[in-house]
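A.B. asks: 3D, please:
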Amino acid sequence: MAPSEAGAKVQPGVLLARGVCRMVAAHGLAGLTEMPLANGRRADVMAVDRTGEISIVEVKSSIEDFRADHKWPDYREFCDRLFFAVPETFPVELIPEDCGLILADGFGAEIVRPAPEHRLAAARRKAVTLRFAHLAALRLQRLVDPAITAEAAW
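C.D. replies: Numbers count the residues shown, from 1 in each chain. So this is what the prediction gives:
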């Protein structure tokens, strides 16, 4: 039973991120939520495809959430493609044209506007990919052994 079904209140952004992660997995990408970046920011969702292309998805659950957050341009230097994921009730004209657009809910998501490509330099790609792999491995280890408390110490 999902947490929301068990009576616990799940934040709308968490549900949207879950839908985005289901979509990226369905397309063969590996996704992580709350991915820490080298600049101190934390991407809502980062996805890596089989070729190593990196996408970041910034989740916005409301107009207020979108207007209060001005840090999303800082994510661009860590991905090849930058998307916003919003609920279908969100006024999509607010989303910058130079970002992709995903409509999402707690069960899935759909890309309605592709993100333009901004290729990462090889050294940056390697650093981001290693950070992604390290965090993914730590999270997997914690599933097997909850006593492991380490998080990516980059």
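
A.B. asks: hmm, who's touching the helix or strand where Val20 lies?
C.D. replies: Val20 is part of helix 12-26 when elements are defined by DSSP states H and E. The contact list for helix 12-26 (Cβ atoms under 8 Å, 6 or more residues apart in numbering) reads 4, 30-31, 33, 44-45, 47, 55, 57, 59-62, 65, 85-87, 102, 104-111. Bear in mind the C-beta positions are built from the backbone N, C-alpha and C, glycine included.

A.B. asks: recalculate using a threshold of 10 Å.
C.D. replies: With Cβ atoms under 10 Å, 6 or more residues apart in numbering as the contact definition, helix 12-26 has outside contacts at 2-4, 10-11, 29-34, 44-49, 55, 57, 59-62, 65, 83, 85-87, 90, 102-111.

A.B. asks: in ChimeraX, select just the buried ones from those residues.
C.D. replies: Selection of the buried residues among these in ChimeraX, burial being defined by 16 or more other Cβ atoms under 10 Å:
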select :29,31,32,33,44,45,46,47,48,55,57,59,60,61,83,85,86,87,90,102,103,104,105,106,109,111
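
A.B. asks: okay, and which of the contacts of helix 12-26 map to strands?
C.D. replies: 30-34, 44-48, 55, 57, 59, 83, 85-86, 102-104, 109-111 (DSSP state E).

A.B. asks: tell me the contacts of the most centrally placed residue in the chain?
C.D. replies: By Cα atoms, centre = their mean, the mean C-alpha position of the chain lies nearest to Val45, the distance being 1.0 Å. The contact partners of Val45, taken as Cβ under 10 Å, 6+ apart, are 16-21, 23-24, 31-35, 55-59, 83, 85, 102, 104, 109.

A.B. asks: for the residue nearest to it when sequence neighbours are not counted, give me the pLDDT.
C.D. replies: Closest residue to Val45 apart from its sequence neighbours, by Cβ to Cβ, 6 or more residues apart in numbering: Val57 at 4.0 Å. pLDDT for Val57: 98.

A.B. asks: and the contacts of the helix ranked longest in the chain?
C.D. replies: What stands out as the longest helix in the chain, according to DSSP state H, is helix 122-144. Here helix 122-144 makes contact (Cβ under 10 Å, 6+ apart) with 30-38, 43, 46-48, 52-54, 56, 77-80, 119-121, 147-154.
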